[in-house]
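1. just need the structure, nothing else, for what follows:
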Amino acid sequence: MQNLISLNLSAEDFAEVDAAIATLRRVFAGFVALQPEDRVEMKKMGPKSYAFCDQTLDLLMNNPQIVPPNLGLPEALSDRTMLQGLRPRLQQLRQLMELADDAEMALGSDIMAISLEGYRLLSVSGKGEALKSARRELSTRFARGRRTADTTEPVPSASAG
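-> Okay, here's the model as predicted:
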């Protein structure tokens, strides 16, 4: 029997998660949603570029006499501060999302494994008329193409998705 995960979250736990999500939505309200074409066209700052940008901003900040007022240095300095504050938190959110994705996959896999085994049990032992129509309904999950008048039910493999 497969049991990759056992969770026991209370209604209070779910309420706390919902409250945390609501807080994140409120705090993130000012974030920008980029269009795919915007992502392609914009300049990107990777790890090497980050060091370059950091040094350049420091040099500009320390040499204000060469900085024209329309360059936007104050906004860039503010953006850098926000990015420095945001990055470690985004890393934590990504780690939490990875855990949540894995938990979702494990829960679904556990349910699927038991359901497939239960379906096999119904196929071999459920000979009553009431179970026959239920088995027929369940068997449509594994049907390929159009169902014909054939009443034989497929036996699913353990890896059916």
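
2. next one: the residue of the chain most remote from its centre from Arg94, what distance?
-> Among the C-alpha atoms of the chain, the one farthest from their average position, using CA atoms, centre = their mean, is that of Gln65, at 47.6 Å. Note on Gln65: its distance to Arg94, by CB to CB, to the nearest Å, is 42 Å. Every C-beta, even on glycine, is put in place using the N, C-alpha and C of the backbone.

3. repeat for Asp54
-> As for Asp54, its distance to Arg94 is 22 Å (criterion: CB to CB).

4. those two - which one has more neighbours?
-> Asp54 (13 against 10; other CB atoms under 10 Å).

5. residues contacting the more buried one?
-> Arg80 (CB atoms under 8 Å, 6 or more residues apart in numbering).

6. so which strand or helix has Asp79?
-> Under the assignment given by DSSP states H and E, the secondary-structure element containing Asp79 is helix 73-125.

7. next secondary structure after that helix?
-> Later in the chain than helix 73-125, the nearest helix or strand by DSSP H and E is helix 129-139.

8. avg pLDDT for that following helix?
-> Here helix 129-139 scores 75 as its mean pLDDT.

9. that one: how far from the chain's middle?
-> 35 Å (CA atoms, centre = their mean, to the nearest Å).

10. what is that helix packed up against?
-> In terms of contacts (3 or more CB pairs under 8 Å, 6 or more residues apart in numbering; DSSP states H and E), helix 129-139 is packed against helix 73-125.

11. so what secondary structure elements neighbour the helix it packs on?
-> Partner elements for helix 73-125 (3+ CB pairs under 8 Å, 6+ apart): helix 47-62, helix 129-139.

12. that helix versus helix 129-139: what angle between them?
-> 140 degrees (axes from the mean of the first three to the mean of the last three CA atoms, to 10 degrees).

13. any idea of the mean pLDDT for helix 73-125?
-> For helix 73-125, mean pLDDT is 95.

14. likewise stretch 57-68?
-> The predicted model assigns stretch 57-68 a mean pLDDT of 97.
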